[in-house]
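Colleague: Just need the structure, nothing else, for what follows:
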Amino acid sequence: MKKILVPTDFSDIANNAFVHALGLAKLVHGELILLHTYELPIVDNQFAPQNYKVLFDSLELSNFEKFKDEVPKLHKLAEENGFEHIKMSHMLMDGDLIYNIKEIIKNDSIDFVVMGTSGATGWKEMFIGTNTGEAIANLSVPVLSVPETAKFTKIETIGFTTRFREKDKEALSNVIKIAKSAGAVVKCLYVQTRETDNTQATYDDWSEYFKHEPVQFFIIPNDEVNQTIEEFIDHQNIDVLAMLTYKRNFFQWLFTTSFTEKMSYHCTIPILALHE
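Modeller: Sure, this is the predicted structure:
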């Protein structure tokens, strides 16, 4: 069974991501691990030591009570969306969110992380300077980022951007597996700029390699990479966009200010960030 980690603060944004995580679990035959974290405050070193335990115990109890109250609501939400059969477990941890996620990934062999993001002010804010952005940049497993306005629906078309590198084939193969479970098609985009070093032989090799799979290739000549991705999402009715991060600074390069402004209305699209 695939293991899907879902950090949650029980907000509407997190609950929306939770439903998407349930949908992913159904596709990959997975189970969910729900994680709620909290950070104990740093107190003045002159604070009476005997009061430390009282303070921290009170805060931990408060978080536990909230956790205990909210978890049944998530089970009800799963039932309302027809996912009551998905196996779920729960974790309550203190400490830094990203650090805790890394530890769980290492200790529990996590396959996916699903996180909600506001994205209300554009894609740049979705990925940079947020917990979701930190997760995409620093985690070793695929991260599904779910904007708050992305309502869960049947996935019919998954987009995939590529540079036609040999190592991209494995990532595309993994996306195709998800697509097959969903009965969806994968539309693979390569933006061919004047600096491209790919040849027709490369394109033919990929077409031959995936000829029996539900994948279509789109090779679009254009030096405006960002604009081309924008139009591709729009014209091809992409439901989820899968992207390889390549490098830590990939999203900083991709989601420039001008692109953010152009793409802000596309923030209803979940992004599956894959790592090399």
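
Colleague: in the stretch 101-250 of the chain, which spans are helices?
Modeller: 123-127, 131-138, 168-182, 200-209, 225-235, 250-254 (DSSP state H, counting those that start in this stretch).

Colleague: From the contact counts, what lies against the third one?
Modeller: In this structure, helix 168-182 makes packing contacts with helix 12-28, strand 157-161, strand 185-192, strand 215-221, strand 240-244, strand 271-274, judged by 3 or more C-beta pairs under 8 Å, 6 or more residues apart in numbering; DSSP states H and E. From N, CA and C alone the C-beta is placed, and that goes for glycine too.

Colleague: Can you add mean pLDDT, mean neighbour count and distance to Ile233 and give these back as a markdown table?
Modeller: A markdown table is the format used below for the helices and strands packed on helix 168-182 (pLDDT from 0 to 100; neighbours: other C-beta atoms under 10 Å; distance: least, C-beta to C-beta, whole Å):
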| stretch | mean pLDDT | mean neighbour count | distance to Ile233 |
| --- | --- | --- | --- |
| helix 12-28 | 93 | 22 | 17 |
| strand 157-161 | 95 | 22 | 6 |
| strand 185-192 | 95 | 20 | 9 |
| strand 215-221 | 95 | 15 | 12 |
| strand 240-244 | 88 | 22 | 6 |
| strand 271-274 | 86 | 23 | 10 |
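
Colleague: Switch those over to a markdown table; also include distance to Asp168.
Modeller: Shown next, in a markdown table, are the helices and strands packed on helix 168-182 (distance: least, C-beta to C-beta, whole Å):
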| stretch | distance to Asp168 |
| --- | --- |
| helix 12-28 | 20 |
| strand 157-161 | 9 |
| strand 185-192 | 9 |
| strand 215-221 | 12 |
| strand 240-244 | 6 |
| strand 271-274 | 9 |
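
Colleague: circling back: nearest approach to Val146 belongs to which of the helices of the stretch 101-250 of the chain?
Modeller: helix 131-138 (8.8 Å; C-beta to C-beta).

Colleague: For the closest one, what does the pLDDT average out to?
Modeller: The average pLDDT within helix 131-138 is 69.

Colleague: please begin residue numbering at 42 from this point
Modeller: Taking 42 as the first residue, the last one we looked at is helix 172-179.

Colleague: Looks like Thr49 contacts Val60 (just checking).
Modeller: No: using C-beta atoms under 8 Å, Thr49 is not in contact with Val60; the gap is 11.5 Å.

Colleague: quick one on the thing from earlier: determine which stretch of the helices of the stretch 142-291 of the chain is the most buried.
Modeller: Ranked by mean neighbour count, those are led by helix 164-168 with a mean of 24 (mean count of other C-beta atoms under 10 Å).

Colleague: And the helices and strands packed on helix 209-223: which comes nearest Gln241?
Modeller: strand 256-262 (9.4 Å).

Colleague: CA atoms only for the closest one - export them in CSV, please.
Modeller: Taking C-alpha atoms only, strand 256-262 is exported to CSV below (Å, rounded to 0.1, in the frame of the first residue of the first chain):
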residue,chain,number,x,y,z
VAL,A,256,0.0,9.6,-23.5
GLN,A,257,0.0,12.4,-26.1
PHE,A,258,3.1,14.5,-26.9
PHE,A,259,2.9,18.2,-27.7
ILE,A,260,6.1,19.8,-29.0
ILE,A,261,5.4,23.6,-29.2
PRO,A,262,8.1,25.9,-30.7
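
Colleague: Neighbouring strands - and their directions - for that strand?
Modeller: Here strand 256-262 is paired, per DSSP bridges, with strand 226-233 (parallel).
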